[in-house]
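Student: all I have is the shape, not the residue letters:
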């Protein structure tokens with residue numbers, strides 16, 4: 001009986017810690033979206049896998065030039081957003097072409113990046129068509 005109670009308490013504690021961690025991660029996501037949205041238009045993408053998940057947020061100005069980008073990558077709720085310095089200053093349409101030219105394996109790795117860039121490209125294309 002005591003072993004079952006101890007197991008139940010441990011499981012309950014784990015669930016509470018997991019819920020708190022998830023809450024903190026959602027708050028970090030909201031902060032990152034607000035922070036980047038202040039810099040311009042944003043595109044968001046994600047990649048899910050068994051090993052590493054990621055969320056990519058890219059901000060660009062009204063000319064399609066990337067002004068900032070952040071990536072949250074990892075398995076645990078302790079991961080935080082980190083800047084992606086390699087893409088800053090690039091044109092979203094040229095970056096999309098770069099990602100599309102990657103090998104199938106590399107495309108899989110950069111799926112979240114490509115989704116974020118495509119979201120921005122689609123937004124700019126729909127603005128130009130109106």
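Tutor: Yep, that arrived. Computed from a predicted model, the values in this text were never measured in an experiment. Numbers count the residues shown, from 1 in each chain.
Student: can you list contacts of stretch 39-57?
Tutor: Applying C-beta atoms under 8 Å, 6 or more residues apart in numbering, the contact partners of stretch 39-57 are 29, 32-33, 36, 58-62, 67-75, 81, 84, 92, 108-120, 123-124. C-beta: built from backbone N, CA, C; applies to glycine.
Student: any of those buried? List them.
Tutor: Buried members of these, scored by 16 or more other C-beta atoms under 10 Å, are 29, 32-33, 36, 58-60, 68-72, 81, 84, 92, 110-120, 123-124.
Student: average model confidence for the longest helix seen in the chain?
Tutor: Longest helix in the chain, counting residues (DSSP state H): helix 2-37. When pLDDT is averaged over helix 2-37, the result is 91.
Student: which SSE is immediately downstream of that helix?
Tutor: Going down the chain from helix 2-37, the next helix or strand is strand 41-47, by DSSP states H and E.
Student: parallel or antiparallel, list what pairs with that next one.
Tutor: strand 53-60 (antiparallel) (DSSP bridges).
Student: quick one, the partner strand and helix 2-37 angle?
Tutor: Per axes from the mean of the first three to the mean of the last three C-alpha atoms, to 10 degrees, the angle that strand 53-60 makes with helix 2-37 is 20 degrees.
Student: what lies in contact with the helix or strand that comes right after strand 53-60?
Tutor: Downstream of strand 53-60, the first helix or strand assigned by DSSP H and E is strand 66-74. Residues from elsewhere that reach strand 66-74 (C-beta under 8 Å, 6+ apart): 25, 28-29, 32, 35-36, 39-40, 52-61, 79-84, 87-92, 95, 112, 116.
Student: what's the helix or strand just after strand 66-74 packed up against?
Tutor: Using DSSP H and E, the helix or strand that follows strand 66-74 towards the C-terminus is strand 81-83. Counting by 3 or more C-beta pairs under 8 Å, 6 or more residues apart in numbering; DSSP states H and E, the packing neighbours recorded for strand 81-83 are helix 2-37, strand 66-74.
Student: partner strands of strand 81-83, with direction?
Tutor: Sheet pairing here is set by DSSP bridges, and for strand 81-83 it gives strand 66-74 (antiparallel).
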